[in-house]
Each structure stands twice: as structure tokens, then as C-alpha cells.
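Enquirer: need a 3D model of the sequence below.
(chains A and B)
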Amino acid sequence: MKLKSLLAGSIVSLTLVSGAHAAGEVNVYSYRQQELIQPMIDAFSARHDIDVNVIFAKKGMLEKLMSEGANSPADVLFTVDIGRLSDLKNAGLTQPVGSAALDQNIPSQMRDADSHWFGLTSRARIIVASRDRVEKGAITSYEELADSRFEGLICTRSGKHPYMVALTASMISVHGEAEAEKWLAGVRDNLARKPQSNDRGQVKAIKEGECDIAIINHYYLALMLANPEQKPAADSIYVVFPNQKDRGTHMNISGMAMARHAPNRDNALKLMEFLASDAAQQMYAELNGEYPVKSGIPLSKDVRQWGDFKRDSLDLGDVARHRAEASKMADRVNYDG
Amino acid sequence: MERIRVRLHYGADVWQLSVAVAAVVAALPVITILGLSFSPAENIWPHLIETALPRYVGNTLILVVGVGAAVFLTGVTTAYLVTTFEFPLRRQLEFLLLLPFAFPSYVIAYLYTDLLEFSGPVQGLLRHLFGWELARDYWFPEIRSMGGAILLMGLVLYPYVYLMARASFLEQSPHYRDACRLMGRSHFRTFLFVSLPVARPAVAIGVALALMETVNDIGTVEFFSIQTLSVGLFDVWLNMNNLGGAAQISMVTLTFILILIGVEYSGRRKARFYQSSGRFIPTERVALAGGFKWGASLLCLLPVLFGFLVPMVVLVGNSVAYFDQSWTPAFRSYAANSLFVSLTVAICCTVLAVVISYTKRLHRGNVPLALSRLVSMGYAVPGSVLAVGIVVSLGWIDNSLDGFFRDRFGFSTGLLLSGSAFSIILAYVIRFMAISIGNVDSSFSKVSTSIDMASRTLGYAPFKTLRLYHLPLIKGGALTAVLIVFVDCMKELPATLLLRPFNFETLATHIYQAASDEQIERAALGALFIVLAGLIPVILISRTISSSRQLFQRSG
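Expert: Residues are numbered from 1 along each chain as shown, chains lettered A, B, ... in the order given. Have a look, this model is predicted:
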């Protein structure tokens, strides 16, 4: 008897979970963490009275889209790095979007030439160094990270992490494979500890004296400054925008694309245009400390303090193409070993 | 006479048919992965063999041997102590020893890292006491290391072995032990030569389950930056964009696991031990004296202390501190989702396992055995990879069905199975069948076949035999299966992330979300809930398992 009612109950809840298609909705598949996009999604829902349904996952999203095929409910796809965006496009899972608003708000180097994907924010891969132990100006470029002066002083996360892989890929674009591999091996020789933890963890390690220099994405520092518990660690370092005398600092983007078979095309377009609008771009800057892609949006206070800097204008498609090679390179030099 | 034979025959066919259906469904994702492995984006092996493969394999082996030894020693020793001897706090410890199981290994990894890293309270205190300032001023063991991973994974995985070994020691007829003791053997020799061999099938399954989880773990090893094969698998899949290559790695791991299980199985296949069908004689626990009795208490207390009490204190502390932010209506719906899915799956898995094990008993041939192996394969591949297998096969079924209805009837059925709670339930059942089958099998293996023969002589059909005689005897093992599967479902992460419907969160995904935002403190309440939800069945079932022997005695 108990079993029967349980089964009946489960059937009811199954239909409840899988049913319900309201008129005003848009479905999002996101590689990006919930917390970093939820405020913008809420703002959009409130403004347009459209429900936004979201699935967050990092592993297998592409395969999921592919196997759902023409019946996929996905409308808009969010990612955190250029590699994923180009993977989605190459797998034929996106569609071109012609929108004057998007083209106007997003500079051309921040979007796909065929209008398949659009950058929303950009982030700088910066060098941070200990205020107490590293003299200002002692390090000014990525190349110097491999300099034997810094032996045993550098911390990074895994050489296999997408952010590190993208940086290595950009080194391959600039210097060629052989030079880039020498560089990566040089950085490995300078590591203070086995690569581990995340970007915030590297800053903490400097504060704790495990190392003096680290590579991180800039907005993590902004988030740490805003967090009372993490602020002391963030205060113990200073920011270096690398390669200001030559090509500029390596940048990556977070972005979006419209799914190939988007069932709610109109709402999807509304969401995409909203995210590139002043209101949402300002939220990205203010809440996440990211660099908005739209020009003229004020930066958050902390990020503004670090000042203007020269950005590497390298084609992001180039970085994406060298990604597999960069990942293999990390194996060859045993970066994480 | 004729009627009986016909009915028996008919009944048997239904049994075999259900097993065959279950096997096909369960094998679908694994077969899909096998299929994917034939079309890699490029051949990854030359690169891997030249570079990272030796490292991956070496680290995986060290981890497997380390965790294997840890769970075997801890699980068997504590299970034997609490079932055989009487010592202070024995009754409490017998129950407490189960509890570390409720901790997801990724949670315990986060908690211990917080405690033991440089900025944690332990090192902070040491610095304060000795006046050190920087990390380079002193040496402290690094928790994010192979040793740390072995210890922490051992701490949360030993209960697999403890549960199975304890159920087995309890179900063992005391006759064997008594005979051995009567011949003047020591307790230790009795344990080594009688109790342990009889418990071997159960212990082997417990160790195998723990090791499969170890080999396929990604959360803990990634967090501790240990390069195992599964780290390599995800690297090939996500960084080199080569799903086929990743599928090949998971097939290699799967083969390795199957070989291990095969070796163990053939090692003991000649040895069969049955529970005598006669009256049970209540086992008297031997009272330990002096130092031994406190030694036994201490030995059983250690895993409880480090696997449960310490992390629990941290968790409760954080839960209280962040209660207002954590206890929201959304949180309550995550908890409801977790409970509903886990309970459904635990029951489905156990019922299926009873059917499958019983069919193996009815038909001693190779086919049911092979089918039950097939059903158990889902546990031998990493959760995310299995999830991809399920996504691909469900997508294929949905789209084929949709195409058929479009062609024939001109309307679309859309995605029926993909992206519904059903796909999560299916994924969990496929993933955790190995656990329920393992538990139920080992209980069935101790029921003497003379019971079946006697029942048939009485003219009872297989189902009636099962209901009247087997079910009461295997109740302990079946309930253990419900418990383990339930707790494992509460903790399951990778398949849930990928397969869940829109806006569907479980406690595990909620914790994961908070952890990836680096705000693990906010997830403390969620983790505490998983642990507490795990405790309820632990309490209920551990009572039933202990009392099941007395039940046999009364009804026997």
C-alpha cells in the first residue's frame, strides 16, 4: 500500500517537474556560475515579465545540446571563456543573430565575425605581487615569469585550467610553439608549490608567504576586496598589468550565443539585447568587477583605481585554436606534476 | 504435479525476462560510451603515453592501493570488534561507525582543508604559540596531497566495508566460530581463518564499491591537485575537446575494474558458505578485559572522531553562523527534491536487485550472471561520463520517437524523457544498481539452497518461496542496500548537474554551487542536511539489522 501511494506520488511530481510551458519564457544553458549571472537574469525577468529557466553545468553541456537536437529547449547559451564559445559554434549548435543593438553595443573584436557568439564582459589575466617582498617594477611581463630571478616565488593554479590554458595559447600565438614551451617550462621551474587551488587561493598564498608572485583574473581581486574576510589577503598584494610596453595584457571574455534550434527566439533575442544594454553591463561592472564590453560604462571603484591599461588585441579565435596544443604542452613540461 | 511444473516454468520466464529488460536499459549508456570511444577526435594515446599517462596510472594505483588498504583495515576491524566483543561504548560505536558515510567526500575535503591549511585554526594556533609568521618559517603536513586524499577518502568510504562486513558477521552462523574456539584457537586466528573467509564475498564487494568510487572520483582529486586517470579523462574531454578519447580512457578504467572483480571472484568461487537453515544459537559477545577493552573502544572511536565528529562540529558551527542566509524556501525545495529522488531510487534499486539476485538463484546458468554483471557496470564509469552516455541515449530515443510520430501522424512528441526528473532517476538507478545487487547478492549467497528445494517440494511457486522464506532471511542485506543507495543518491553530483530539468536543484548541486562561488560556509546547512537525512535511514536500518538475528531466532 505504502509503495503504491509512493509510486503514485512520484508520477504526479514527475509530470509537475517536466510539464508547464508558459507563454513568456526563455531557456538558458549556462557554463557560468549561478551567482555571477543571477542578478542580471532577475533584472531581465522583472523588466520584461519573461520567466528565465536556467540549467547550470560545466561538463557535458555541449553533448547534451547535440543529442537533444532539433527538439532542444535551449534558447541562449552562456559561457565563461572563448574556447567554449568557439566549440559551440564549431559543433553547429549556435545560429547567427542579426541585431543592430548587439552590433552597436559590442565592439567588433568582442563578437564573432559571423555573429554566432557575442562577448558580454572581458577579464584581464593580471600578475599580482606581494607589497612587502616584491619591489614595484620588478616584474612587468608574462615573459619575465620564466626568469630565473623568480625561482621558487611563483604560484599559479593548474596549467590545465581553462584560464591558464588560454594564457599559454596566447603565448603560442605570439611566440610560436617552441618558445612558448620553453616559457611554460621556465614558469614551472619557478613555481613555489605544486599548482593548486583557484585564483583567490593564489592571493591568499602570497599573503601567507608561500609565494611572492601569482597570476589571476582581475575580478577575483575585486571580489576579494569586497569581502571582509578576504580583504586582508587582497590588501597584501599590488596589481601589475603585464606587457604594457608591447602587446598588452591578455584578455578573455565571457559570452553568449543563441542556440541553433531556439524555440523562444524572440525572447532569447530580448535577453541577449538586455545583457548588452547599459543596465546589465553596469551590473556586470558593479557586482562582478568585470570589464563591460560596452564602452562608456563606469567601472567599479576598486577596478577603476587600478587605472587604464593596454589590452592585448590578439584575435580570440587564435587563442581558441591553440587551446588543445596549450593543454598538451602542460602535459609535456609536466606543469602540474 | 503437472500444474506445478507449468507454473514454475512460467514464473521463471517472467523472472528472466525482467532481468533481461533491466540489463538492456542499464547497459544502454555504457554501450553508448563504448560506441563513442570508436570515434575520437584524434588519437590521444601517443601524446598521453609520451607525457602524462605514466603519472596518471601511477597516481591512480597509489590512490587505489592506499584507499583499499585503509577501508579494508578500518572496515573489517571495526565490524569484527563490534559484532564479536563487548567493550565500553560498544553499542553507541556500532551505530556511530556508520556515520562518516553520510559525508560527501568533496565536503569533507573542503572542511579539512579549511581546518588544516595555513589560514585555518590549527596552523593559526601553532603560529600563535611559536611566534612563526610565514609559511616558509615552519613545516606542516600538506593536506592537499596524496596522503591527505587517501586519508580523507578512506574516512568516508570505509563504511561500505564496515556495513557489509558487519551484516555478514551478524548473519554468520556462530557454529563455525564456536567450533574453532573449541579447538583451542585464539580469537585472532578464529577471525583470520574462519570469520574473515566466510565474510569474504561481502567484504570484497564493500572494498570494490569503495575503490570504484575512488577510481572515478573527480571532485576530491581535482581539489587536491592529484593527477589521476579521471583527471586525465576530463582534460582530454574538455580541454582537448575529444569526447571519444575520454570515452576510451573510461573504457580502459572499466576494463581494469572488471578484471579486478573477476580475479577476486574466481579466487573465491570454489568456496561457498551457507547459513545453516537450522536454529540459530544466539552469539554471546566476548567481554574484553582491562587494556583490551579500552583499546577496542579507542580503535572504533578514531574513525568516528575524524570521519564524523570533527567535520560535524565545523559544519554545525557554520550552519548556525549562516543560518539566516541558508534557511530559505528555495533551500527547503532543494531538500524535498533530494529526499524524493533518493527515496524513489533506493527502493527501485533494491526491488530490482532482489529480482535479479533471485533469478540468478533460480537459473544457475551463465546468462543471468552475465546480465547481472551488465546491470552493475554503471558504477564503474565516472558519474559525468555515465551522464553523457544517458544524455546521448535518451536524446536518441526521444528524437527517434519524435521522428516516427512526425512521419506517421504529423505531430511532434518533443523530448519525452530528456530533461525530466525521470532522466535523473534513471541515471541514479543505473549508477547505483551495483551497490544494491552487491548487498542483496551477498545476503542471498548465505541462504542455503536446501530452503529452495524444500519449498519446491512443497509445491510453492518461486514468488511464494521468495516472499515466505528468502525475504525474511535477506532482509538485513536488502535494507542495507536501501540505506547505501539512499545516502549515495543524496550525495550524487555530476549526473544531477547535467540531467536535471530547468530550475531543479538538489542539496548536492546547491553545495556545489556555493563551493564554486568559494562560499562553502553558506553551503554548510545543505551539507548538514545531507548528513542528517542520511542519519535517519542509518538509525532505522541499523536497528533492523541488529534485531534481524533475534527475529530469525524467534521465527526459526
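Enquirer: only C-alpha atoms from now on, for both contacts and neighbour counts.
Expert: Fine.
Enquirer: could you list the low-pLDDT ranges of chain B?
Expert: By pLDDT under 70, the low-scoring segments of chain B are B:1-12, B:173, B:267-283, B:516-520, B:538, B:541-556.
Enquirer: rerun that using 50 as the cut-off
Expert: Scanning chain B for pLDDT under 50 picks out the ranges B:1-10, B:277-279, B:550-556.
Enquirer: and if you look at chain A?
Expert: Ranges of chain A meeting pLDDT under 50: A:1-22.
Enquirer: can you tell me which residue is spatially central in it?
Expert: Relative to the mean C-alpha position of chain A, the nearest C-alpha, by C-alpha atoms, centre = their mean, is the one of A:Val80, at 3.3 Å.
Enquirer: the closest residue to that one other than its chain neighbours: what's it in contact with?
Expert: What sits nearest to A:Val80 in space, not counting adjacent residues and going by C-alpha to C-alpha, 6 or more residues apart in numbering or on different chains, is A:Ser254, at 4.2 Å. Taking C-alpha atoms under 8 Å, 6 or more residues apart in numbering or on different chains, we find A:Ser254 in contact with A:Phe78, A:Thr79, A:Val80, A:Asp81, A:Ile82, A:Gly119, A:Leu120, A:Thr121, A:Ser122.
Enquirer: what sits opposite A:Ser254 in the beta ladder?
Expert: Under DSSP bridges, the beta-bridge partners of A:Ser254 are A:Thr121.
Enquirer: that one and A:Trp117, how far apart?
Expert: Separation of A:Ser254 from A:Trp117 (C-alpha to C-alpha, to the nearest Å): 10 Å.
Enquirer: gap between the two ends of stretch B:356-375?
Expert: End-to-end distance of stretch B:356-375 (C-alpha to C-alpha): 9 Å.
Enquirer: and it, what's buried?
Expert: B:356-361, B:368-369, B:371-375 (16 or more other C-alpha atoms under 10 Å in any protein chain shown).
Enquirer: next: stretch A:270-290.
Expert: For stretch A:270-290, burial by neighbour count (16+ other C-alpha under 10 Å) applies to A:271-278, A:280-290.
Enquirer: just stretch B:521-534 next, same as before
Expert: Quick answer for stretch B:521-534 (16+ other C-alpha under 10 Å): B:521-531, B:533-534.
Enquirer: the chain: strands as residue ranges?
Expert: No chain specified, so I'll use chain A. Along chain A, the segments classed as strands by DSSP state E run A:25-30, A:51-56, A:76-79, A:94-95, A:117-130, A:154-155, A:213-217, A:237-240, A:251-259, A:291-292.
Enquirer: wrong chain, I was asking about chain B
Expert: Going by DSSP E, chain B shows strands at B:85-86, B:286-287.
Enquirer: about what we covered before: which one of the strands of chain A is the most hemmed in?
Expert: strand A:154-155 (a mean of 28; mean count of other C-alpha atoms under 10 Å in any protein chain shown).
Enquirer: and that one, what does it pack against?
Expert: Strand A:154-155 sits against strand A:213-217, with contacts defined as 3 or more C-alpha pairs under 8 Å, 6 or more residues apart in numbering or on different chains; DSSP states H and E.
Enquirer: is chain B contacted by the strand it packs on?
Expert: No - for strand A:213-217, no contact with chain B is found by C-alpha under 8 Å from any C-alpha of the partner chain; the gap never falls below 14.4 Å.
Enquirer: which outside residues touch that strand?
Expert: Contacts of strand A:213-217 with the rest of the structure, by C-alpha under 8 Å, 6+ apart, involve A:123-130, A:134, A:153-156, A:199-200, A:202-203, A:206.
Enquirer: ok, the residue nearest to the centre of chain A - contacts?
Expert: A:Val80 is in contact with A:Tyr31, A:Arg32, A:Ile253, A:Ser254, A:Gly255, counting by C-alpha under 8 Å, 6+ apart.
Enquirer: what is the neighbour count of the single nearest residue of the stretch 1-150 of chain B relative to chain A?
Expert: Nearest residue of the stretch 1-150 of chain B to chain A: B:Leu134, at 4.9 Å (C-alpha to the nearest C-alpha). Using other C-alpha atoms under 10 Å in any protein chain shown, the number of residues around B:Leu134 comes to 16.
Enquirer: so it versus B:Ser250, what's the distance?
Expert: Taken as C-alpha to C-alpha, the span from B:Leu134 to B:Ser250 is 42 Å.
Enquirer: what do you get for B:Val67?
Expert: Distance, B:Val67 to B:Ser250, using C-alpha to C-alpha: 20 Å.
Enquirer: make JSON lines from the strands of chain A and add distance to B:Ala149 to it.
Expert: Output for those, formatted as JSON lines (distance: least, C-alpha to C-alpha, whole Å):
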{"stretch": "strand A:25-30", "distance to B:Ala149": "31"}
{"stretch": "strand A:51-56", "distance to B:Ala149": "28"}
{"stretch": "strand A:76-79", "distance to B:Ala149": "31"}
{"stretch": "strand A:94-95", "distance to B:Ala149": "41"}
{"stretch": "strand A:117-130", "distance to B:Ala149": "30"}
{"stretch": "strand A:154-155", "distance to B:Ala149": "21"}
{"stretch": "strand A:213-217", "distance to B:Ala149": "25"}
{"stretch": "strand A:237-240", "distance to B:Ala149": "31"}
{"stretch": "strand A:251-259", "distance to B:Ala149": "33"}
{"stretch": "strand A:291-292", "distance to B:Ala149": "38"}
